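> pasting the structure only:
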């Protein structure tokens, strides 16, 4: 089953949903701001993406700039920051089996469907 971690207020996220709909695939939408991820879920997504936790952070957000930027943070601390502030998580994320992509640009989603 394909899963998209989605923020309806984000244009790239909405484009990601549209790509999945146009492809005619069955998928679940997870509105991660309404239903926050737990540590295990976020860690599993990061592993499937094959990136470091820092690569999943939206570094332009005010909370990142004020509370975290420039600090020597461990991966666990970065994950905790994203769990405490889900808006820091890059979006959309599409997971299909043991693979995942960040939909920026949204066309990346086509790689795993």
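Yep, it's here. All values derive from a computational prediction rather than experimental measurement.

> the top helix by length along the chain - contacts with which helices or strands?
Longest among the helix segments of the chain by residue count, using DSSP state H, is helix 11-23. Using 3 or more C-beta pairs under 8 Å, 6 or more residues apart in numbering; DSSP states H and E as the contact definition, the elements that helix 11-23 packs against are strand 2-6. (Each C-beta comes from the backbone N, C-alpha and C, glycine too.)

> list the buried residues in the strand it packs on.
The neighbour-count check on strand 2-6 (16 or more other C-beta atoms under 10 Å) flags 2, 4-6 as buried.

> one more: stretch 60-79?
Those buried within stretch 60-79 under the rule 16+ other C-beta under 10 Å are 61, 64, 68, 73, 78-79.

> could you look up the SS state of the residue lying closest to residue 54 once chain neighbours are set aside?
Setting aside the residues directly before and after it, residue 54 is nearest to residue 78 in space (C-beta to C-beta, 6 or more residues apart in numbering), at 5.5 Å. Per DSSP: H, G, I helix; E, B strand; the rest coil, the secondary structure class of residue 78 is helix.

> since that was my last question, I'll sign off now.
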